[in-house]
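Asker: Pasting a predicted model and its sequence here:
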Amino acid sequence: MGRKVYDHLLSILEINPVLFDIGASGAPPKIWDPIARHSIYVGFDPDLREMQRLPEKYFYRSIILNEAITPREGSDDVVFYLTKYPQCSSTLRPDITSLSNYLFSDLFVVEQETLVRASTVESIMDRFALSHIHWFKTDSQGTDLRIFNSLNEKVRRRVLAVDMEPGLISAYVEEDLFVDVHRDLMLNGFWLSNMKIGGAVRLRRSSLSSATRQNERLSETLIDRGVRKSPAWCETRYLRTIESLTQDNFTKQDYVLLWIFALLDDQPGFALDLATEYEYVFGRNDVSELMKNESISHMRRSWHRRLFSVAKALLPVQVKRRLGTFIP
């Protein structure tokens, strides 16, 4: 039901969300799928080794740029460190001293240093005649916050959702860490809606090599799968607060778009708050009624999904096998 509601609202209000994806190795975030055909997608990555080709007409408009994003104006080229694992490549040099304490340090081995074309977000917006960014996703490997803060203040204050992947350890020299990102965004009209913690085994490779010589049964695969990982980075999502919307006189379209983003991120409670606030600011109409009803329906669907998950977990193994849901 949700996708039909999004289609209806985006169509009647003539909204084309602008989605920026900095560090676009792999495919665009799956969370954007339900609104893709209405959206303008702008993806950046200087390392195209894992970039996937988008299906034709997947987005309303798509722009893919083989460029690095820099927060500094006047930098036509920047040094880019191509690492063994493409998704670890960065304009910052890996912090070898810090990384050496973790088993995944070899992913950050620099295989090549190269000069790549670099642009600021603002210059890209000018180049393609874009006036807004509605959802700003950046996984720049260490410079997420400084890139976001390099946006023109007028543009930055209208962003509705921000995805960043800051470090919890120092993987790059002078990188923006989670403590920096969280403090800054909280002070500037956002709240933390979602967080996933990524980790790595805290073990020096030299210690592993020494131990494996003494015990042939010990392997990197065994340790990586069996040893608890220590927090190393996090995937965060921030949504703009209602207080920020009211202070800066956002439009009806902004309220509706943030409401859609909230439901995409499975935040029906916040979505209902937005629908209620929309009605208070702009008056009751078909749009506000639709927003409220869909928020409540989403809550009910969420409740049923969780109830089913609990019931499934409590079923005896024999019943799961008969239902074909047993996972060995």
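Answerer: Looks like it came in fine.
Asker: residues contacting Arg3?
Answerer: Pro34 (C-beta atoms under 8 Å, 6 or more residues apart in numbering). All C-beta atoms are positioned from the backbone trio N, CA, C, and that covers glycine.
Asker: Would you mind checking the average pLDDT for the helix or strand in which it is found?
Answerer: Applying DSSP states H and E as the criterion places Arg3 in helix 2-12. Averaging pLDDT along helix 2-12 gives 92.
Asker: any idea how far it is from the chain center?
Answerer: 23 Å (C-alpha atoms, centre = their mean, to the nearest Å).
Asker: Buried residues, that helix. List them.
Answerer: Val5, Tyr6, Leu9, Leu10 (16 or more other C-beta atoms under 10 Å).
Asker: cool, stretch 267-281 as well?
Answerer: Those buried within stretch 267-281 under the rule 16+ other C-beta under 10 Å are Gln267, Pro268, Phe270, Ala271, Leu272, Asp273, Leu274, Ala275, Glu277, Tyr278, Glu279.
Asker: just those residues now: which is nearest Gln253?
Answerer: Checking the buried residues of stretch 267-281 against Gln253 by C-beta to C-beta gives Tyr278 as the nearest, at 10.8 Å.
Asker: so that closest one sits in a helix?
Answerer: Yes - per DSSP: H, G, I helix; E, B strand; the rest coil, Tyr278 lies within a helix segment.
Asker: show me the residues around Tyr58 that make contact.
Answerer: Applying C-beta under 8 Å, 6+ apart, the residues near Tyr58 are Ala36, Arg37.
Asker: gap between it and Glu113?
Answerer: Distance of Tyr58 to Glu113, computed by C-beta to C-beta, to the nearest Å: 34 Å.
Asker: gap between stretch 206-214 and the chain center?
Answerer: Taking mean C-alpha positions (C-alpha atoms, centre = their mean), stretch 206-214 and its chain are 37 Å apart.
Asker: For that stretch, report the contacting residues that lie outside it.
Answerer: Contacts of stretch 206-214 (C-beta under 8 Å, 6+ apart): Leu103, Leu218, Ser219, Glu220, Ile223.
Asker: what does stretch 181-193 give?
Answerer: 144-145, 149, 156-157, 162, 164, 166, 236-241, 243-244, 247-248, 262, 265, 267, 270.
Asker: just the helices in the stretch 1-150 of the chain please.
Answerer: In the stretch 1-150 of the chain, the helices defined using DSSP state H, counting those that start in this stretch lie at 2-12, 96-99, 121-127, 144-149.
Asker: Show me the one of those that comes nearest Leu290.
Answerer: helix 2-12 (6.5 Å).
Asker: Look up how far Glu113 lies from the residue of the chain most remote from its centre.
Answerer: Distance from the centre of the chain peaks at Gln214, with 42.6 Å (C-alpha atoms, centre = their mean). For Gln214, the distance to Glu113 equals 37 Å [C-beta to C-beta].
Asker: repeat for Thr70
Answerer: From Thr70 to Glu113 the distance is 16 Å (C-beta to C-beta).
Asker: what does Tyr81 give?
Answerer: With C-beta to C-beta as the criterion, Tyr81 and Glu113 are 6 Å apart.
Asker: Neighbour count for these two, which is higher?
Answerer: Tyr81 (21 against 10; other C-beta atoms under 10 Å).
Asker: who's the nearest residue to that one once chain neighbours are set aside bridged to?
Answerer: Spatial nearest neighbour of Tyr81, chain neighbours left out: Val110 (4.9 Å); criterion: C-beta to C-beta, 6 or more residues apart in numbering. Following DSSP bridges, Val110 is listed with bridge partners Thr83.
Asker: In this structure Val110 contacts Leu82, no?
Answerer: Yes - counting by C-beta atoms under 8 Å, Leu82 is a contact partner of Val110 at 7.0 Å.
Asker: so which of the buried residues of helix 2-12 comes closest to Val179?
Answerer: Using C-beta to C-beta, the buried residues of helix 2-12 come closest to Val179 at Tyr6, 34.5 Å.
Asker: List buried residues within the contacts of stretch 181-193.
Answerer: Judged by 16+ other C-beta under 10 Å, buried ones among the contacts of stretch 181-193: 144-145, 156, 162, 164, 166, 236-241, 244, 262, 265, 267, 270.
Asker: quick one, what contacts the closest residue to Lys137 other than its chain neighbours?
Answerer: Excluding the flanking residues, the one nearest Lys137 by C-beta to C-beta, 6+ apart is Asp163, at 3.9 Å. Shown in contact with Asp163 (C-beta under 8 Å, 6+ apart): Pro29, Trp135, Phe136, Lys137, Thr138, Asp139, Glu235, Thr236, Arg237, Tyr238.
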